[in-house]
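Q: Got a predicted structure here, sequence first:
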Amino acid sequence: MSSALAVETTILHRRSIKPAQMNGNKIQDDLVDHLLEMANWAPTHGLTEPWFYLVFSGEKVQEFCFQHAQLYKNSTPSEKYTEAAYEKILHNGDKASHILAAIMKRGDNQKIPEQEEMASVAASIQNILLTATAHGIASFWSTSGMTYQQAMKDFLQLRPQDKLMGFIFLGYSDLPFTDGKRMKSHAEKSKWA
Ligand SMILES: Cc1cc2nc3c(=O)[nH]c(=O)nc-3n(C[C@H](O)[C@H](O)[C@H](O)COP(=O)(O)O)c2cc1C
């Protein structure tokens with residue numbers, strides 16, 4: 001297979017696989033470390049390299065889901081709180097192998113706009129998702145639960161200028177590959193000037 005075809009096949013084969021559809025098998029920590037190494041090769045304006053990943057592995061996965069659920073319980077107004085949402089957060093990682101908190105850690109170079117730093121972290125996340133796909137690892141980028149709440153930011157000890165970009169669930173899955181779905185073709189989202 002040519003390297004172009006290998007890259008394109010990986011892009012087309014990347015699917016969001018929900019953590020509940022993972023099978024509980026564990027990824028070697030070394031392989032997750034390799035995904036993080038690939039994340040480090042995202043484009044970065046001014047070499048600010050604004051991505052930071054907090055890795056939950058082994059029993060830390062369940063511990064983190066418990067903490068996440070507690071944050072939801074303790075900081076959600078009673079009229080919005082549901083037991084179903086609590087249970088979903090609590091058990092979201094039951095079949096995942098690792099969870100990565102994907103963080104935009106703002107550096108001192110204020111010449112680079114915040115949106116570029118977030119774009120750079122998103123590119124590094126995509127590196128993880130694509131490398132995971134190439135290694136037969138299922139992945140899921142989640143921004144659900146408490147992701148955007150201050151309580152989560154406090155829990156992760158982020159500074160006001162940092163941003164939590166989401167949680168990346170990693171694991172293995174027995175699901176057969178399914179084609180992706182897009183509402184519009186690339187032709188409708190591009191124009192040749
Ligand atoms: C920034 C971001 C956040 C996302 N958060 C969620 C989420 O919280 N829940 C969810 O079901 N999917 C989430 N997704 C995954 C999308 O649902 C998924 O990418 C979309 O359905 C397209 O499917 P595909 O990734 O398999 O191509 C997120 C995707 C992105 C880029």
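A: On my side now, so go ahead.

Q: Can you tell me the centre-most residue of the chain?
A: The chain has residue 168 as the residue nearest its centroid, 2.6 Å off, counting by C-alpha atoms, centre = their mean.

Q: Same question for that residue, what's its three-state structure.
A: Here residue 168 is recorded as strand under DSSP: H, G, I helix; E, B strand; the rest coil.

Q: Mind listing the residues bridging to it?
A: residue 100, residue 141 (DSSP bridges).

Q: Please report the number of neighbouring residues for residue 89.
A: 21 (other C-beta atoms under 10 Å). Every C-beta, even on glycine, is put in place using the N, C-alpha and C of the backbone.

Q: Am I right that it sits in a strand?
A: No: with three-state DSSP as the criterion, residue 89 is assigned helix and is not in a strand.

Q: Quick check: residues of the protein near the ligand?
A: 15-16, 141-144, 166, 180 (C-beta under 6 Å from any ligand atom).

Q: out of these, who has the most neighbours?
A: residue 166 (20 neighbours).

Q: now the nearest residue to that residue once chain neighbours are set aside: how far from residue 20?
A: The spatially closest residue to residue 166, leaving aside those adjacent along the chain, is residue 143, at 4.4 Å (C-beta to C-beta, 6 or more residues apart in numbering). Residue 143 sits 17 Å away from residue 20, going by C-beta to C-beta, to the nearest Å.
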